[in-house]
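Asker: Next come a sequence and a model predicted from it.
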Amino acid sequence: MSTRPPAVAHLRRARDWMDAHHAEPLDIEQLAEVARCSRSHFIHSFAAAYGETPKAYLTRRRIERAQDLLRSANLTVTEICLLVGFTSLGTFSRRFTALVGLSPTAYRAAARTARAPLIPGCYLMMMTRPAQKDSRP
């Protein structure tokens, strides 16, 4: 009985391509071409290997990128929606809420209150300055 690992190099190539191009409009035919297999074989093989369809994977990656931008960027929710590859704010908000459990606006507010307050640079410089020795005799 042979226990060979499944040949997933072609799927990994498509997954990596999705990660790099998540903000672009992507379709299954294009992804199957990157994986060098038929559309139906790609969908079934991807789901078997990664536990989710290519569309679900791409949506999840876009939402993860949106979470990062909501925590760190000073952009509107609409700007983030478009930056991560969604073309509809309504669809983005519904998918975000379904995956994260909060609306994008509520997620941003929660992330801001959970974050430690920033220390002003002048205080940081004072606290990290080396102690000076008195050079008087």
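Answerer: Received the coordinates, thanks. Residues are numbered from 1 along each chain as shown.

Asker: Quick check: residue 8 touching residue 49?
Answerer: Yes: under the criterion of CB atoms under 8 Å, residue 8 makes contact with residue 49 at 5.0 Å. In short, each C-beta sits where N, CA and C put it, glycine included.

Asker: Low-confidence regions, the protein specifically.
Answerer: 1-7, 115-137 (pLDDT under 70).

Asker: and the longest helix for it?
Answerer: As assigned by DSSP state H, the longest helix anywhere in the chain is helix 54-72.

Asker: okay, the next helix or strand after that one in CSV with CA atoms only?
Answerer: Per DSSP states H and E, helix 54-72 leads on to helix 77-83 as the next helix or strand towards the C-terminus. The C-alpha coordinates for helix 77-83 follow below in CSV (Å, rounded to 0.1, in the frame of the first residue of the first chain):
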residue,chain,number,x,y,z
VAL,A,77,-14.3,51.4,4.7
THR,A,78,-15.2,52.0,1.0
GLU,A,79,-11.6,52.6,0.1
ILE,A,80,-10.5,49.4,1.9
CYS,A,81,-13.4,47.5,0.2
LEU,A,82,-12.1,48.5,-3.2
LEU,A,83,-8.4,48.0,-2.3
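
Asker: from the middle of its chain, how far away would the very next helix or strand once past helix 77-83 be?
Answerer: As assigned by DSSP H and E, the chain's next helix or strand after helix 77-83 is helix 89-100. With CA atoms, centre = their mean, to the nearest Å as the basis, helix 89-100 stands 14 Å off its chain's centre.

Asker: got the contact list for helix 89-100?
Answerer: Residues outside helix 89-100 that contact it (CB atoms under 8 Å, 6 or more residues apart in numbering) are 59-60, 63, 66-67, 77-78, 81, 84, 86, 102-104, 107.

Asker: May I see the buried residues of the helix or strand following it?
Answerer: Remark: after helix 89-100, the chain's next helix or strand is helix 104-114, criterion DSSP H and E. Going by neighbour count (16 or more other CB atoms under 10 Å), the buried part of helix 104-114 is 104, 107, 108.

Asker: what sits against residue 28?
Answerer: Residue 28 is in contact with 39, 42, 43, 54, 55, counting by CB under 8 Å, 6+ apart.
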